[in-house]
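> Got a predicted structure here, sequence first:
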Amino acid sequence: MSLVEKIPCTIVTGFLGAGKTTLVRHLVENANGRRLAIIVNEFGDLGFDGSFLAACGIEGCRDEDIVELANGCICCTVADDFVPALNKLLDRADPPTHILIETSGLALPKPLVQAFQWPAIRSRVTVDGVIAVIDGPAVAAGFFADDPAASAAQRAEDTNVDHDNPLEEVFEDQLLCADLVVMNKADLLDAAGREKVRAEVQAHLPRAVKMVEAEHGRLDPRVILGLGAAAEDDLDARPSHHGEGEDHDHDDFDSVALPVPATATAEDLAIRVARAAETAGVLRIKGFAEVTGKPMRLVVQGVGTRIAHHYDRPWKGTEARDGRLVVIGLKGFDQGAVAAALAG
């Protein structure tokens with residue numbers, strides 16, 4: 001089967017909170033006749049991003065077009081989870097014409113790209129491109145920069161830690177595999193900030209990779225789709241901190257899903273989430289909750305100490321209005337302190 005007959009797949013990678021789901025949703029909203037399917041993976045057992053996409057209300061976006069792989073990492077469960085999910089989409093009577101794969105924020109994309117060399121799927125699909133979405137303000141603030149003192153303290157506490165900064169390692173691996181880098185949230189940076197981000201990213205790249213700026217993940221799909229990279233045939237140009245066959249089990253990170261009772265106002269919950277986000281080691285908070293007297297579901301997201309919230313859809317008639325937030329952080333973060341802050 002020739003390349004042009006293979007179904008193209010676009011891998012959307014990027015660290016926690018970079019805006020991957022927002023970008024994917026924008027692509028779905030502007031499919032322009034493409035039959036898109038989505039495989040979304042999350043770190044932790046709360047399927048937030050998948051439900052956010054499934055509830056998008058976009059014409060032509062059906063529940064069966066969205067496959068969610070939760071409670072794991074797609075780069076570690078390729079054989080057990082990813083390949084069966086991909087084959088299920090390909091074997092449909094009306095297979096998609098393009099597949100979007102959104103990895104978890106802690107996934108390394110290269111093992112996923114390597115899976116496209118497997119004979120069972122190599123003849124059917126190709127990696128059209130690997131898109132690395134970055135949080136521009138987080139990079140500008142030095143969120144991924146190495147902190148020698150913190151790294152030394154972590155190694156002193158855990159002798160199994162064999163690298164300096166787990167945040168930088170994941171961030172760099174995602175960039176090293178990219179065919180295109182999207183500087184998201186560029187509207188929150190001035191010109192000097194954007195140049196600082198460009199310089200930081202270029203310092204990690206071993207080859208020429210184009211970078212584009214975006215606000216709220218809004219980009220012309222023609223910029224993202226149709227790159228024709230065939231990344232599975234170009235693995236040598238995509239170095240990684242982890243060699244082929246090397247374990248990658250995210251021992252540096254923890255996650256917990258916490259129940260959230262109905263809140264009086266959206267602002268009240270946002271304040272409590274902001275307090276929880278100040279807990280040392282917390283990286284990402286996201287989830288949904290009920291606001292008393294409101295028919296809509298409240299979505300709350302936090303990246304660092306930046307907290308945002310909005311109503312995404314009405315609660316369904318038979319749906320339990322059980323609010324939950326997933327919190328992801330560095331291994332050993334104080335989950336009790338987070339729970340206490342959320343409880344008010």
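Looks like it arrived, so ask away. Residues are numbered from 1 along each chain as shown.
> Going by C-alpha atoms from here, please, whenever you check contacts or count neighbours.
Noted.
> Neighbouring strands - and their directions - for the longest strand anywhere in the chain?
Taking DSSP state E as the criterion, the chain has its longest strand at strand 125-135. Applying DSSP bridges, strand 125-135 is found paired with strand 7-13 (parallel), strand 180-184 (parallel).
> Could you check how far that strand is from the centre of its chain?
Its chain's C-alpha centre and that of strand 125-135 lie 12 Å apart, by C-alpha atoms, centre = their mean, to the nearest Å.
> what does stretch 268-276 give?
On the basis of C-alpha atoms, centre = their mean, stretch 268-276 sits 22 Å off its chain's mean C-alpha point.
> Which of the residues in it are classified as buried?
For stretch 268-276, a neighbour-count test (16 or more other C-alpha atoms under 10 Å) marks 269, 270, 272, 273, 274, 275, 276 as buried.
> hmm, who's touching that stretch?
263, 285, 300, 302, 305-309, 337-344 (C-alpha atoms under 8 Å, 6 or more residues apart in numbering).
> Kindly recompute the last result at 6 Å.
Stretch 268-276 is touched from outside by 338, 341, 342, with contacts defined as C-alpha atoms under 6 Å, 6 or more residues apart in numbering.
> Find me whatever residue is spatially closest to the first one, sequence neighbours aside.
Yep, that's residue 338 we're talking about. Excluding its sequence neighbours, the residue lying closest to residue 338 (C-alpha to C-alpha, 6 or more residues apart in numbering) is residue 276, at 4.7 Å.
> State whether the one you found is indeed within a helix.
Yes - Residue 276: assigned to a helix according to DSSP: H, G, I helix; E, B strand; the rest coil.
> show me what contacts the closest residue to residue 183 other than its chain neighbours?
Of all residues not flanking residue 183 in the chain, residue 213 sits nearest, at 4.7 Å (C-alpha to C-alpha, 6+ apart). By C-alpha under 6 Å, 6+ apart, residue 213 lies in contact with 182, 183, 186.
> With distance to residue 112 and pLDDT added, can I get the buried residues of stretch 268-276 in CSV?
Putting the buried residues of stretch 268-276 into CSV (distance: C-alpha to C-alpha, whole Å; pLDDT from 0 to 100) gives the following:
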residue, distance to residue 112, pLDDT
269, 37, 95
270, 35, 95
272, 37, 95
273, 33, 96
274, 34, 95
275, 36, 95
276, 33, 95
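> The helix or strand that contains residue 310: partners in the sheet, and parallel or antiparallel?
Taking DSSP states H and E as the definition, one finds residue 310 inside strand 306-314. Each strand paired with strand 306-314, and its direction, by DSSP bridges: strand 296-303 (antiparallel).
> which residues touch the strand it pairs with?
17, 284-290, 307-311, 313-315.
> Out of those residues, flag the one nearest to residue 195.
Nearest to residue 195 out of those is residue 17 (C-alpha to C-alpha; 21.0 Å).
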